[in-house]
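>>> Here is my input; please provide its structure:
(chains A, B and C)
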Amino acid sequence: MKDKMTIIFFSGTLDKAMATLILATTAASMGMEVSIFFTFWGLNFLKKKRSYKKKVFMQKMLEFMSSKGKNDLPLTNMNMFGLGPWMMKKLMKKKKAASIEELFLLAKQFNVKLFACSTSCSVMGVEKENMIDEVTDIVGAATFLAEAKEAKINLFI
Amino acid sequence: MKDKMTIIFFSGTLDKAMATLILATTAASMGMEVSIFFTFWGLNFLKKKRSYKKKVFMQKMLEFMSSKGKNDLPLTNMNMFGLGPWMMKKLMKKKKAASIEELFLLAKQFNVKLFACSTSCSVMGVEKENMIDEVTDIVGAATFLAEAKEAKINLFI
Amino acid sequence: MKDKMTIIFFSGTLDKAMATLILATTAASMGMEVSIFFTFWGLNFLKKKRSYKKKVFMQKMLEFMSSKGKNDLPLTNMNMFGLGPWMMKKLMKKKKAASIEELFLLAKQFNVKLFACSTSCSVMGVEKENMIDEVTDIVGAATFLAEAKEAKINLFI
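Predicted coordinates:
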């Protein structure tokens, strides 16, 4: 077993993104190797912006209803059509908690690996060029499993 | 530690069922032993069909509002009274992703074990005869914990 | 690796609290060491009652919309403005399943450790005096990671 943590980031919400990034950056600062696998709604985190190119009709509808990227994520509870996340961000700032953007930069500095799930990318029509440059690679479930097998901590968030 | 994975499938949604089955079948295809524990809303996955027999009033109400089985699961987000799951299934078919039914058959071929949680069964009034034949056994939390203790990967989905 | 389990209780819902406490008490009864980390919405579980003291405006709004403590948690699905949890509790009683309160007492008897996440406490304005006496300590992500690294089972619920 290696001093390693893997996280599957499935939900794509602001609160769970906070939990994921706080755990990832703290673990990395303690010298652990960290990999995050973005899948399903979690893919929204990796988007550059909304894009309708090369998408079939239902992918376009899905894209229209999804968040635009890591700075546009909804809350799991009390989303209230965007009022909830706006308040949460204000509150985090007031209480001097690190923002999603700051935690993300920190994660990159600590070499946290960011993988996008290939099956989700295919179903949702997300291509490499639609994703932020920080994405390490687009991989399948087998890559996650190979990493998770030798990691001490594995979480599905 | 064994080359083994356990998953608690709690949520009973289509998207999380996809994640569970893709991870389970990929792990099994890599030679890992896999056990899935269906609990709470996750029990809906194992239903043959809706049944109101031997249920008390509140269990009947719960049954009426729950999905009818693994081919009737809602989405975690954007369910839109059933439009979301219908679209997602269409999209998966178009993009040649395996369906829930195909992944489930594959899981059975790979001897993925399917356990139903006994406490959830009792509270929700689900009996062995209401569940699909593929269920390995109805077990308590202790059985999950004994398996999880020796597994390299444990996920709560 | 120690005979140990850690759970991050993030969601703060009745159904997931049941799963958390059933797993925690069963593991403890099998001789395992168990730590639960309450974070984000999960903090509501640890509240004595609603309190608006020393909170800024947005924390007060958040408090107003949050549950009042472990006996006032919503359901993940079918909450129906409180009807769902009420029915679920009635049903659990009828089926002689242990209540949240009973499971919680059992967890304390088994020395399950209950940690509150310091970042969440700060953002949401929850102070030690607002929380039930059973809370072991208020800690950061590093404490969770140190425990999780040597635990055989780690779950994010």
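
>>> Pick out the residue nearest the middle of chain A.
A centroid search over chain A (Cα atoms, centre = their mean) returns residue A:45, at 4.4 Å, as the residue closest to the centre.

>>> What are the buried residues along stretch A:28-39?
A:28, A:32-39 (16 or more other Cβ atoms under 10 Å in any protein chain shown). Glycine gets a C-beta too; all of them are placed from N, C-alpha and C.

>>> How far does it sit from its chain's centre?
Relative to the mean C-alpha coordinate of its chain, stretch A:28-39 is positioned 12 Å out (Cα atoms, centre = their mean, to the nearest Å).

>>> Just give me the longest strand of chain A.
In chain A, assigned by DSSP state E, the strand with the most residues is strand A:2-9.

>>> Now do the helices in chain A.
With DSSP state H as the criterion, chain A has helices at A:14-29, A:57-65, A:83-94, A:100-109, A:118-124, A:141-149.

>>> closest to chain B out of those?
Comparing these against chain B with Cβ to the nearest Cβ, the closest turns out to be helix A:141-149 (4.0 Å).

>>> Measure how the closest one sits relative to strand B:2-9, angle-wise.
If you take axes from the mean of the first three to the mean of the last three Cα atoms, to 10 degrees, helix A:141-149 sits at 110 degrees to strand B:2-9.

>>> can you list contacts of helix A:141-149?
Helix A:141-149 is contacted from outside by A:4, A:6, A:8, A:35, A:37, A:115, A:117, A:119, A:137, A:154, B:3, B:5, B:22-23, B:26-27, B:30, B:32, B:152-153, using Cβ atoms under 8 Å, 6 or more residues apart in numbering or on different chains.

>>> Now with 7 Å, please.
Under the criterion Cβ atoms under 7 Å, 6 or more residues apart in numbering or on different chains, residues A:6, A:8, A:35, A:37, A:115, A:154, B:22-23, B:26-27, B:30, B:152-153 lie in contact with helix A:141-149.

>>> touching chain B at all, stretch A:125-137?
No. Using Cβ under 7 Å from any Cβ of the partner chain, stretch A:125-137 never reaches chain B; the gap is at least 8.0 Å.

>>> Can you get me the start-to-end distance on that stretch?
Terminal residues of stretch A:125-137 lie 16 Å apart, using Cα to Cα, to the nearest Å.

>>> list the buried ones in it?
Across stretch A:125-137, burial judged by 16+ other Cβ under 10 Å covers A:125-126, A:130-131.

>>> what pLDDT, on average, does that stretch get?
Confidence for stretch A:125-137, expressed as mean pLDDT, is 95.

>>> got the contact list for residue A:63?
By Cβ under 7 Å, 6+ apart, residue A:63 lies in contact with A:50, A:52, A:55.

>>> The closest residue to the first one other than its chain neighbours: neighbour count?
The one in question is residue A:50. Among residues not flanking residue A:50 along the chain, residue A:68 sits closest, at 5.1 Å (Cβ to Cβ, 6 or more residues apart in numbering or on different chains). Using other Cβ atoms under 10 Å in any protein chain shown, residue A:68 has 14 other residues around it.

>>> Quick one, grab the pLDDT at residue A:68.
pLDDT at residue A:68 comes out at 92.

>>> try residue A:155
pLDDT, residue A:155: 98.

>>> Give me the distance between it and residue B:146.
21 Å (Cβ to Cβ, to the nearest Å).

>>> Equivalent analysis for residue A:86, please.
For residue A:86, the distance to residue B:146 - Cβ to Cβ - is 46 Å.

>>> Then residue A:111?
In this view, residue A:111 and residue B:146 are 37 Å apart by Cβ to Cβ.

>>> Then residue A:56?
Counting by Cβ to Cβ, the gap from residue A:56 to residue B:146 is 46 Å.

>>> Also residue A:27?
According to Cβ to Cβ, residue A:27 and residue B:146 sit 28 Å apart.

>>> Residue A:100 now?
Distance of residue A:100 to residue B:146, given as Cβ to Cβ: 39 Å.

>>> now swap in residue A:62 and tell me
From residue A:62 across to residue B:146, the span is 41 Å (Cβ to Cβ).

>>> and these two? which has more neighbours close in?
Set residue A:62 next to residue B:146 and count neighbours by other Cβ under 10 Å: residue A:62 wins out with 20 against 11.

>>> quick one: contacts for the more buried one?
With Cβ under 7 Å, 6+ apart, residue A:62 has these contacts: residue A:124.

>>> now swap in residue A:41 and tell me
So residue A:41 contacts A:10-12, B:77 (Cβ under 7 Å, 6+ apart).

>>> swap in residue A:14?
For residue A:14, the contact set (Cβ under 7 Å, 6+ apart) comprises A:73-75, A:85, A:88.

>>> can you redo these as a markdown table with distance to chain B and pLDDT?
Below are the contacts of residue A:14 laid out as a markdown table (distance: Cβ to the nearest Cβ, whole Å; pLDDT from 0 to 100):
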| residue | distance to chain B | pLDDT |
| --- | --- | --- |
| A:73 | 12 | 94 |
| A:74 | 8 | 92 |
| A:75 | 12 | 91 |
| A:85 | 14 | 91 |
| A:88 | 18 | 90 |
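
>>> nearest to chain C, of the residues you listed?
residue A:88 (7.9 Å).

>>> Tally up the residues packed near residue A:80, please.
Residue A:80: 13 surrounding residues under other Cβ under 10 Å.

>>> Quick check: the gap between it and residue C:62.
For residue A:80, the distance to residue C:62 (Cβ to Cβ) stands at 12 Å.

>>> Also residue A:157?
Going from residue A:157 to residue C:62 by Cβ to Cβ gives 21 Å.

>>> Then residue A:93?
From residue A:93 across to residue C:62, the span is 15 Å (Cβ to Cβ).

>>> And for residue A:36?
Going from residue A:36 to residue C:62 by Cβ to Cβ gives 27 Å.

>>> for residue A:149, same thing?
Residue A:149 sits 40 Å away from residue C:62, going by Cβ to Cβ.

>>> So which residues on chain A come close to chain C?
With Cβ under 7 Å from any Cβ as the criterion, chain A meets chain C at residues A:15, A:19, A:22-23, A:26-27, A:30, A:77-78, A:87, A:90-92, A:94-95, A:97, A:152-157.

>>> Which ones, among those, also lie beside chain B?
Among the residues of chain A next to chain C, the ones lying near chain B by Cβ under 7 Å from any Cβ are A:154, A:156.

>>> Without its sequence neighbours, what residue ends up closest to residue A:9?
Counting by Cβ to Cβ, 6+ apart, residue A:9 lies nearest to residue A:42, which is 4.1 Å off, once chain neighbours are set aside.

>>> Just give me the neighbour total for that neighbour.
Look at residue A:42: counted by other Cβ under 10 Å, it has 25 neighbours.

>>> same thing with residue A:108?
Close neighbours of residue A:108, defined as other Cβ under 10 Å, add up to 12.

>>> cool, the one 3 residues further on as well?
Residues lying near residue A:111 (other Cβ under 10 Å) number 10.

>>> Phi and psi next, for it.
phi 60, psi 30 (degrees, to the nearest 10).

>>> low-scoring pLDDT stretches of chain A, where are they?
Within chain A, no range satisfies pLDDT under 70.

>>> redo that, cut-off 80
Along chain A, the model assigns pLDDT under 80 to residues A:80-81.

>>> so the residue nearest to residue A:153 when sequence neighbours are not counted bridges to which residues?
The spatial neighbour of residue A:153 that comes closest, neighbours along the chain excluded (Cβ to Cβ, 6+ apart), is residue A:5 at 4.2 Å. For residue A:5, the beta-bridge partners under DSSP bridges are residue A:34, residue A:153.
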